[in-house]
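Asks: below are the sequence and a predicted model; questions follow.
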Protein chains: 2
Amino acid sequence: MASAPGPHRTIKVPKGARDFLPEQMAVRQRVFDVVTRVFERHGAVTIDTPVFELKETLLGQYGEESKLIYDLADQGGELLSLRYDLTVPFARFLATYKITNLKRYQLGRVYRRDQPAISRGRFREFYQCDLDIAGDYPCMVADAEALRVLIEVLDEFAGLSEHHRRRLGSYQIKLSHRQLLDAVLSLCGVPADKLRSVCSSIDKLDKEPWEAVRREMIEVKQLAPQTAERIGEYVTRSDAPWALLEALRADTALCCGRYGAEAALDEMQRLFEFLEAMGGALSRCVFCLSLARGLDYYTGLIFEAVLTDGNTPLGSVGAGGRYDKLVEDFCGRRVPCVGASLGIERIFSLVEEAEREWAAARNRPIRASKTRVLVAGIGRVNLTERMRLCDELWRAQIPAEFVYAPKPKMPRQLQYALETGIPLLAILGEDELAQNRVALKRLSTQQQVTVERGAAFLQQVREWLAAEEDEQGREDTSASGENGTAPGGPAKAAAAPPTPQ
Amino acid sequence: MASAPGPHRTIKVPKGARDFLPEQMAVRQRVFDVVTRVFERHGAVTIDTPVFELKETLLGQYGEESKLIYDLADQGGELLSLRYDLTVPFARFLATYKITNLKRYQLGRVYRRDQPAISRGRFREFYQCDLDIAGDYPCMVADAEALRVLIEVLDEFAGLSEHHRRRLGSYQIKLSHRQLLDAVLSLCGVPADKLRSVCSSIDKLDKEPWEAVRREMIEVKQLAPQTAERIGEYVTRSDAPWALLEALRADTALCCGRYGAEAALDEMQRLFEFLEAMGGALSRCVFCLSLARGLDYYTGLIFEAVLTDGNTPLGSVGAGGRYDKLVEDFCGRRVPCVGASLGIERIFSLVEEAEREWAAARNRPIRASKTRVLVAGIGRVNLTERMRLCDELWRAQIPAEFVYAPKPKMPRQLQYALETGIPLLAILGEDELAQNRVALKRLSTQQQVTVERGAAFLQQVREWLAAEEDEQGREDTSASGENGTAPGGPAKAAAAPPTPQ
């Protein structure tokens, strides 16, 4: 045996990674269901790519973040790295199959050798949920739909219950444009070869004050102090979309025909029009020049969804933008793309909190198991008899269990059902066995009937299970306001997202 | 920009890994749905663990297979390896949270630096779908349920249609027992310290003839030729469960009280009784001494599901066994476990073949997108008007799309709907816009009505979509025999698995 006696193995989870317990997985699955439902409502299809790519595929795509990439050991053969996001692998995928049009979503794990900040939901292994639209389409149409999807997902979570709304209902979508930012930086005197690097500094404005960013620009990025000052005047500006658009159009220094700001502002105007047509999605947005996004590959619109408490930002729950050159970089063919990525780990934490509160308010566990019937035995009924009845339920597609003891006492079986939330008990005693009958008990109402085995038994089980579901549905709806839907209720029953006005 | 002009990047997928296109993902998702449904029907809950573990956690658990483990590069910090299976991480998980009872399932990717054999479904990155039952339970109860689950999953796939049954309907479950095998090997003269190593040789009997295995035993494992001969007499034996059990019980050399064979045979007898109680699951099984399983951690029952064509084995679609010491090895506490792992990649290939055949027979594409309505414009209706109508559908939870062109021609929009299988067209012309109406067209029947926007429109959409689903359901059922269910039909509508008699 390989398992040597003596000192035991280390049982540590790798730093920055984590396990998920069954109750967490139940919540996580519901989060993924909501996201998938919204993505599919927009006609998106899903794909999958390996967790690792050739090291060369990822190299030089992430600017200053490249140092966070995990490499695999060189054990002979190809040099591989774990994927850092789903965007570069998506671009590689489009290049591989020569695909020019695709609206795809993908839920998958990505890896970053970052300093973990568990409390802020930052891990080394985490999920991303992305929607990307590839194709050469009229200006800003796909961009508007990607933003609408992001808003729809967030509203869907907020609509689940009052507990969810309190945590996820208040957010803003910050909008900006790489070409506009480049125009601003050029106007302020940043040389072309420092544009991306200065963007990385601006990107820190959501975590650091302007003063710190200004210092980095001067000391690390070697900008002249007056250049940094002029940048500061622009990147601290943030306003309602139409208002800032008008103000920037009136800025004759910026819109003098030299920096390309006009084209970027035309694009923003078109985006705002589309977002208004898409159910008033624009009312969720602010136009915000401090948004820069750290990654190198963006070429046009950039955006970020930020939870807010009044005017205080509480952290990002989604981001994205347009990257028109990434696929071309792989294969030489131009395939413009725009995409949105959800900050799903943070959303998951907030939904988990909401569901725990919701469950506690009802004094009910978060159920991980789907078991509907516990087959219980009394007296001298043996294991094989309980197995036989369980088999009848399994065949009828009804989730069922039996306790794995030879002759368990009734109180123990009852307790198991109560603790794990199993609603029905199918009880076999010697009398029932002799008469080919089953005693069926509904725990929530304490009803009990004895029915013939076979069709009559299964019909009674189905009837009571349907009644249990109705009951649960009513309770959930009444508890979460008129627009609310039950967490844990069937996905298809979700209410329409509230109008984002 | 990071994307340098000039020679393009390599767009190769890493060796032994692969991408999944949207149509493949649609099939894959259905396969996972079937598996998950069966696992949950048995009350199993799911967990998740990281894709990598500390190198130390995996070390020495896999016998001769350890050389196939992927290590991460040493970039400072902990030494990590990609998981080789889901079993050792599960044992580590139980140890971490001091869990003593858990029926858990897990669908996840695992990694092996093996020589890929794509045609035989062997990859370096692949999914495993495992059900494991941890807990100190009466002998063979959990083992029987794990086997029943394996049988139920395979029968569920075979029951999907005639195309599926032809590929997956004919299989055998081979059963054996590590302690019985050890007893046999000890009787034949194998020293205790060579038991595991000789098991690895026997494990090759499904791919190599006895002669090759015999040679390896003598030349590589240094067994005496007469020991190898005696082993050959046992490990070529395979028979109906009760028949071989009786024969081995009558073997006085083996059952002489010295090798522990009697206890293993008692366990097998109990297992057979339970499997008979669980819907005749035993009729799917053979008792087979050539089954050894390569991994070191098994301690009792071992099994493997093999597709067969008559008596010709076609490859494994699932395997598992009892491992009572793995958790103890991590934490010193005894937590006996038994588990079954599906050969899901092979199952996926076979289901994909079946569904392609099924789709081709109906001259219908495998649908990846869930879009139900295409919002089409005619004449001078602009993009924002189509967006507005799409928004109404999205709000009503109805998957909808519009073509991303400013003023697309009607034939182009119609063609898009037909190619991607969208059943309804909602058409906006200038007249409709002026009258606040929509022309709705059902492509399968060529019906068309003009209705008022708002509630009347949504009701007509829902009515026709329900009719489409009924239609599809009828066609699928009639095409796949009376027990069959539609691939792509709603998961909950699956028929009961056929009685495995």
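Replies: Arrived safely. Numbers count the residues shown, from 1 in each chain, chains lettered A, B, ... in the order given.
Asks: what's the biggest strand by length in chain A in contact with?
Replies: Counting residues, the longest strand found in chain A (DSSP state E) is strand A:312-323. The list of residues contacting strand A:312-323 from outside it, by Cβ atoms under 8 Å, 6 or more residues apart in numbering or on different chains, reads A:87, A:91, A:120-121, A:130, A:143, A:146, A:150, A:153-154, A:168, A:171-172, A:178, A:206, A:293, A:297-308, A:336-343, A:346-347. Just so you know, the C-beta spots here come from the backbone N, C-alpha and C atoms, and that holds for glycine as well.
Asks: quick one: residues contacting the spatially closest residue to A:Ala224 that is not a sequence neighbour.
Replies: Computed as Cβ to Cβ, 6 or more residues apart in numbering or on different chains, the closest residue to A:Ala224 that is not its neighbour in sequence is A:Gly189, at 6.7 Å. Shown in contact with A:Gly189 (Cβ under 8 Å, 6+ apart): A:223-224, A:226-227, A:230.
Asks: need phi/psi at A:Gly189.
Replies: phi 100, psi 20 (degrees, to the nearest 10).
Asks: could you list the low-pLDDT ranges of the stretch 401-501 of chain A?
Replies: A:475-501 (pLDDT under 70).
Asks: let me fix that: chain A
Replies: Checking chain A against pLDDT under 70 turns up A:1-8, A:311, A:475-501.
Asks: double-check A:Arg249 against A:Cys255; I have them as touching.
Replies: Yes. Assessed by Cβ atoms under 8 Å, A:Arg249 is found in contact with A:Cys255 at 6.2 Å.
Asks: what residues are shared contacts of these two?
Replies: A:Leu265.
Asks: list the contacts of the nearest residue to A:Tyr416 once chain neighbours are set aside.
Replies: Excluding the flanking residues, the one nearest A:Tyr416 by Cβ to Cβ, 6+ apart is A:Val403, at 5.9 Å. Residues in contact with A:Val403 (Cβ under 8 Å, 6+ apart) are A:374, A:376, A:412-413, A:416.
Asks: 10 Å instead, please
Replies: A:374-377, A:383, A:386, A:409, A:412-413, A:415-417, B:137, B:141 (Cβ atoms under 10 Å, 6 or more residues apart in numbering or on different chains).
Asks: one more: A:Lys98?
Replies: A:331, A:333, A:335.
Asks: for the last one, grab phi and psi.
Replies: For A:Val335, the backbone dihedrals (degrees, to the nearest 10) come out as phi -130, psi 90.
Asks: out of the contacts of A:Val403, which sit inside strands?
Replies: Using DSSP E, the subset of these located in strands is A:374-377.
Asks: for chain B, tell me which of those residues show up nearby.
Replies: A:Leu374 (Cβ under 10 Å from any Cβ of the partner chain).
Asks: list the buried ones in stretch A:112-125?
Replies: Buried residues in stretch A:112-125, counting neighbours by 16 or more other Cβ atoms under 10 Å in any protein chain shown, are found at A:112-113, A:116, A:121-125.
Asks: excluding its backbone neighbours, what's nearest the residue of the stretch 101-250 of chain A found nearest chain B?
Replies: Minimum separation of the stretch 101-250 of chain A from chain B (Cβ to the nearest Cβ) falls at A:Tyr137, amounting to 4.0 Å. Using Cβ to Cβ, 6+ apart and skipping residues adjacent in sequence, the residue nearest A:Tyr137 is B:Tyr404, 4.0 Å away.
Asks: now the strands for the stretch 201-350 of chain A?
Replies: Here the stretch 201-350 of chain A has its strands, by DSSP state E, counting those that start in this stretch, at A:238-239, A:285-288, A:301-309, A:312-323, A:337-342.
Asks: circling back to that earlier point, by neighbour count, which of the contacts of A:Gly189 wins?
Replies: Most neighbours among the contacts of A:Gly189, by other Cβ atoms under 10 Å in any protein chain shown: A:Leu223, with 25 neighbours.
Asks: how about A:Leu424, what does it touch?
Replies: Listed by Cβ under 10 Å, 6+ apart, the contact set of A:Leu424 reads A:371-375, A:393, A:398, A:400, A:417, A:440-444, A:460-461, A:464-465, A:468.
Asks: buried subset of these as a ChimeraX selection?
Replies: Buried subset of the contacts of A:Leu424, written as a ChimeraX selection, criterion 16+ other Cβ under 10 Å:
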select /A:371,372,373,374,375,393,398,400,417,440,441,442,443,460,461,464,465,468
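Asks: narrow the contacts of A:Leu424 to those in helices?
Replies: Of the contacts of A:Leu424, the ones assigned to helices by DSSP state H are A:393, A:417, A:460-461, A:464-465, A:468.
Asks: okay, now the domains of chain A?
Replies: As assigned by automatic domain parsing, chain A contains the domains A:22-360, A:373-479.
Asks: which of those domains is buried the deepest?
Replies: Of all those, domain A:22-360 has the most neighbours on average by mean count of other Cβ atoms under 10 Å in any protein chain shown, namely a mean of 20.
Asks: now the terminal residues of it, how far apart.
Replies: Taking Cα to Cα, to the nearest Å, domain A:22-360 runs 17 Å from one end to the other.
Asks: let me have the contacts of A:Gly189 in CSV, extended by distance to B:Ala212.
Replies: CSV is the format used below for those (distance: Cβ to Cβ, whole Å):
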residue, distance to B:Ala212
A:Leu223, 72
A:Ala224, 77
A:Gln226, 81
A:Thr227, 75
A:Arg230, 78
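Asks: want to throw the ones in strands among the contacts of A:Val403 into TSV with distance to A:Glu64?
Replies: Listed next are the ones in strands among the contacts of A:Val403 as TSV, based on distance: Cβ to Cβ, whole Å:
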residue	distance to A:Glu64
A:Leu374	56
A:Val375	60
A:Ala376	62
A:Gly377	65
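Asks: and the two most separated of the ones in strands among the contacts of A:Val403?
Replies: A:Leu374 and A:Gly377 (10.4 Å; Cβ to Cβ).
Asks: which residues do the two both contact?
Replies: Common neighbours of A:Leu374 and A:Gly377 are listed as A:386, A:402-403, A:413, A:426-427 (criterion: Cβ under 10 Å, 6+ apart).
Asks: out of those residues, the closest to B:Glu53 would be?
Replies: Closest to B:Glu53, out of all of the shared contacts of A:Leu374 and A:Gly377 and judged by Cβ to Cβ, is A:Val403, at 32.8 Å.
Asks: now that closest one. Its backbone dihedrals?
Replies: Backbone phi and psi, for A:Val403 under degrees, to the nearest 10, turn out to be phi -80, psi 140.
Asks: ok so, going back, and the domains of chain A: which comes nearest B:Gln106?
Replies: Closest among the domains of chain A, using Cβ to Cβ: domain A:22-360, at 9.3 Å.
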